[in-house]
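*Asks:* Sequence below, structure please.
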Amino acid sequence: MKTDARPDTIVIALGGNAFQTKGDKGTAEEYWRNAYTAADLIVRLVEEKYGVVVTHGNGPQVGIIAEWMSLGLKNKNIPPMPLDVAGAMSQGWLGYMLQQALYNKLAEKKLLGSLVKGVVTVITQTLVDRNDPAFKDPTKYIGPWYEKDEAEKLSKELGWVFKPDPRGGYRRVVASPDPIGQVEIDAIKTLVEQGFIVIADGGGGIPVYRGDDGLLHGVEAVIDKDLGAERMASALEADVLLILTDVEKAYLNYGTPNAKPLDVLRVSEALKYYREGHFKPGSMGPKILAGVRFVQNGGKMAVIAHLKQAYDALKGNAGTRIIPD
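*Replies:* A predicted model of the protein is given here:
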């Protein structure tokens with residue numbers, strides 16, 4: 001735990017669905033609108049003197065990039081890029097939009113230079129184990145939603161794996177290895193300490209492994225952003241991990257008539273329900289696991305909530321909180 005007198009630090013993990021939800025067409029106007037919605041929340045926390053680090057998912061976006069390259073370019077002799085490169089592209093895309101939205105909101109409120117020095121996006125690489133068993137069992141949802149017949153057609157054409165999404169429809173799934181830590185964590189720490197809002201580890205980070213020669217190599221995968229956020233939050237000795245998504249809270253028996261909302265979970269309870277299979281891989285499961293790991297590593301609490309209820313959830317009036325035993 002930290003021992004200095006700095007303000008409480010919150011790592012905010014925005015879901016990729018916070019930028020594009022099911023039903024959105026994916027226009028630039030929708031992305032900007034959603035970026036400004038997130039910026040409003042973040043600036044409100046800055047006004048309350050919290051230190052803020054932001055990360056974000058990229059599930060819809062990295063899949064869209066992969067689809068653009070695989071479908072839109074296949075007849076033009078332009079080779080598609082692997083998923084690690086698509087992940088880097090999504091970090092730049094979403095980081096730019098969120099960075100500009102935050103800058104403008106801070107400027108409107110005259111907070112730049114006083115409470116905040118500026119806003120910086122760090123293109124972040126995240127270490128994984130190249131022998132992680134996740135490479136043989138894809139679970140991470142990426143890309144847009146499809147009807148069953150569309151998914152089956154793309155699966156035959158491109159060899160992609162599709163699974164039903166708990167939110168409805170079918171989506172592509174890819175390998176999602178467990179993150180070890182961020183390569184650029186020291187740079188992120190330095191920027192935070194100097195008073196910058198840092199946007200980092202977007203999409204869980206660009207998956208890389210360290211070879212026998214000590215050098216880094218990209219790998220075909222997409223890291224879960226919540227698990228990546230926990231690694232970053234723990235390394236930064238943050239106080240709160242705030243995981244924002246498009247559902248109000250975690251549930252037992254989600255999607256059934258017996259669904260039960262969860263307001264507060266102690267670590268032991270969360271682990272019990274996680275092991276019983278109440279939280280699905282690629283959906284709520286990583287959020288619960290990230291929250292548990294964060295609190296076990298010394299964080300005060302983890303919060304899972306809808307983006308629009310984020311402030312109330314932080315104050316204990318919405319969402320699901322994971323706290324120490």
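
*Asks:* For His56, give me its contacts.
*Replies:* His56 sits next to 13-16, 18-19, 94-95, 98, 199, 202-203, 225 when contact means Cβ atoms under 8 Å, 6 or more residues apart in numbering. Any C-beta I mention is one placed from the backbone N, CA and C, and that applies to glycine too.

*Asks:* cool, and Lys308?
*Replies:* Thr37.

*Asks:* Give me the pLDDT value at it.
*Replies:* Note for Lys308: predicted pLDDT of 87.

*Asks:* swap in Lys74?
*Replies:* pLDDT at Lys74 comes out at 58.

*Asks:* How about Val295?
*Replies:* So Val295 comes in at 98 (pLDDT).

*Asks:* partner residues bridging Tyr251?
*Replies:* The bridge-partner assignment for Tyr251, based on DSSP bridges, gives Pro261.

*Asks:* Settle this for me: it is touching Asp263, isn't it.
*Replies:* No: Tyr251 is not in contact with Asp263 according to Cβ atoms under 8 Å; the separation is 10.9 Å.

*Asks:* Looking at these two, which is more packed in?
*Replies:* Tyr251 (19 against 12; other Cβ atoms under 10 Å).

*Asks:* List the contacts of the more buried one.
*Replies:* In this structure, Tyr251 makes contact with 259-262, 278, 284, judged by Cβ under 8 Å, 6+ apart.

*Asks:* Quick check: of the residues you listed, which has the highest neighbour count?
*Replies:* Neighbour-wise, the contacts of Tyr251 (other Cβ under 10 Å) top out at Met284, 23 neighbours.

*Asks:* how about it, phi and psi?
*Replies:* phi -80, psi -20 (degrees, to the nearest 10).

*Asks:* Could you count how many residues lie near the spatially closest residue to it that is not a sequence neighbour?
*Replies:* Nearest residue to Met284, sequence neighbours excluded (Cβ to Cβ, 6 or more residues apart in numbering): Ala250, at 5.5 Å. As a burial measure, Ala250 scores 29 neighbours (other Cβ under 10 Å).

*Asks:* Repeat that for Ala235.
*Replies:* For Ala235, using other Cβ under 10 Å, the count is 16.

*Asks:* what ranges do the strands span in the stretch 101-250 of the chain?
*Replies:* Using DSSP state E, counting those that start in this stretch, the strands of the stretch 101-250 of the chain run over 118-122, 125-127, 140-146, 161-164, 170-174, 181-182, 196-200, 206-210, 216-218, 240-245.

*Asks:* Let me have those strands in a markdown table, extended by mean pLDDT, distance to Glu108 and mean neighbour count.
*Replies:* Below are these laid out as a markdown table (pLDDT from 0 to 100; distance: least, Cβ to Cβ, whole Å; neighbours: other Cβ atoms under 10 Å):
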| stretch | mean pLDDT | distance to Glu108 | mean neighbour count |
| --- | --- | --- | --- |
| strand 118-122 | 97 | 13 | 20 |
| strand 125-127 | 98 | 33 | 21 |
| strand 140-146 | 83 | 33 | 23 |
| strand 161-164 | 91 | 43 | 15 |
| strand 170-174 | 90 | 37 | 23 |
| strand 181-182 | 98 | 31 | 20 |
| strand 196-200 | 97 | 15 | 26 |
| strand 206-210 | 97 | 32 | 22 |
| strand 216-218 | 97 | 39 | 14 |
| strand 240-245 | 95 | 22 | 26 |
